[in-house]
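**Q** following is a predicted model, sequence given first.
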Amino acid sequence: MLHPCVVVSGVLLSLAVPTIISMESCEFSGMPGMPGIPGLPGRDGRDGEKGEKGQPGRLWQDKPQKGDQGEPGVMGPSGKRGVVGKPGPKGARGHQGLPGEPGEASHTDATQQSAFSVARGTATMPGRSSLIRFTNVITDFNKDYNTETGHFRCRVQGTYYFVYHASAEEKLCVVLKLENTIVASFCDHVQNHNSRQVSSGGLSVYVRRDQEVWLETGDYRGMTGKPEGYSIFSGFLINAH
């Protein structure tokens, strides 16, 4: 009895032989089939070989090109004041200017002036703490000094300068008075009684109209009026105001 597997093989072989014979003996072409489904992507290939060294690039020799000017920006706030610079060099001398217009003519009023100088005309010394009279007039503009009273009387109100120069053979103190008020006192002490020396003093005083100024002696009275040594009292107006 044959094995079942042998029987099946024989059957299959008998069925396959006619088909093979038929395919060899007749030509038959059917319709092409539908394309198959694309396959999965393949793996990356291997790295290629290293290429040759390239040519060196061109060096940049040209300067950058300036672009177009932009629009002006908004003005910023004022900055802090800078440090004062050093003085510049002296400039060249300018041309001489044109002559100016003539000034106005002066209209000085003679009545607004005052000056006097008087000398003591005696060799006798004045008394102690008494008025000193000057009787010889040298200058007396507008007759402001009175030789009888020994007083200067103000006619033009303002600032005056009074000064005396005395030849002294003994100690001398001179007092300048304005309306019985002592304005200044000057004293000089003679060291050698056989010699003569000059004593002087002066100052500026504001005097009102009709006020009087004069000189008096103090504790010492050594003022003389000899021809070889005058004693002089002077005054003049500095500014009328």
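**A** Arrived safely.
**Q** for Cys187, grab the count of nearby residues.
**A** 14 (other C-beta atoms under 10 Å). Every C-beta, even on glycine, is put in place using the N, C-alpha and C of the backbone.
**Q** distance check, Glu148 against Gln197.
**A** As judged by C-beta to C-beta, to the nearest Å, Glu148 and Gln197 stand 30 Å apart.
**Q** neighbour-wise, which of those two wins?
**A** Set Glu148 next to Gln197 and count neighbours by other C-beta under 10 Å: Gln197 wins out with 16 against 7.
**Q** was I right about that one contacting Leu172?
**A** No - in this structure Gln197 lies outside contact range of Leu172 using C-beta atoms under 8 Å: 9.3 Å.
**Q** endpoints of stretch 185-201, how far apart?
**A** 9 Å (C-alpha to C-alpha, to the nearest Å).
**Q** in the protein, where is pLDDT below threshold?
**A** By pLDDT under 70, the low-scoring segments of the chain are 1-29, 57-64, 103-111, 190-195.
**Q** for it, longest strand please?
**A** strand 158-178 (DSSP state E).
**Q** distance of Thr122 relative to Asn146?
**A** 17 Å.
**Q** kindly report the same for Arg209.
**A** Arg209 is 16 Å from Asn146, by C-beta to C-beta.
**Q** the more surrounded of these two?
**A** Using other C-beta under 10 Å as the criterion, Arg209 and Asn146 rank with Asn146 on top: 15 against 10.
**Q** not including adjacent chain positions, what is the nearest residue to the more buried one?
**A** Arg153 (6.6 Å; C-beta to C-beta, 6 or more residues apart in numbering).
**Q** bridge partners for that neighbour, pull those for me.
**A** Glu212 (DSSP bridges).
**Q** and if you look at Leu237?
**A** Where Leu237 sits in a bridge, its partners, by DSSP bridges, are Tyr160.
**Q** from Lys90, how far off is the one residue sitting closest to the centre of the chain?
**A** Central residue of the chain (C-alpha atoms, centre = their mean): Val84, 8.0 Å from the mean position. To Lys90, Val84 is 18 Å away according to C-beta to C-beta.
**Q** ok, now Val163?
**A** Relative to Lys90, and taking C-beta to C-beta, Val163 is found at 46 Å.
**Q** got it, and Gly67?
**A** Distance from Gly67 to Lys90, by C-beta to C-beta: 47 Å.
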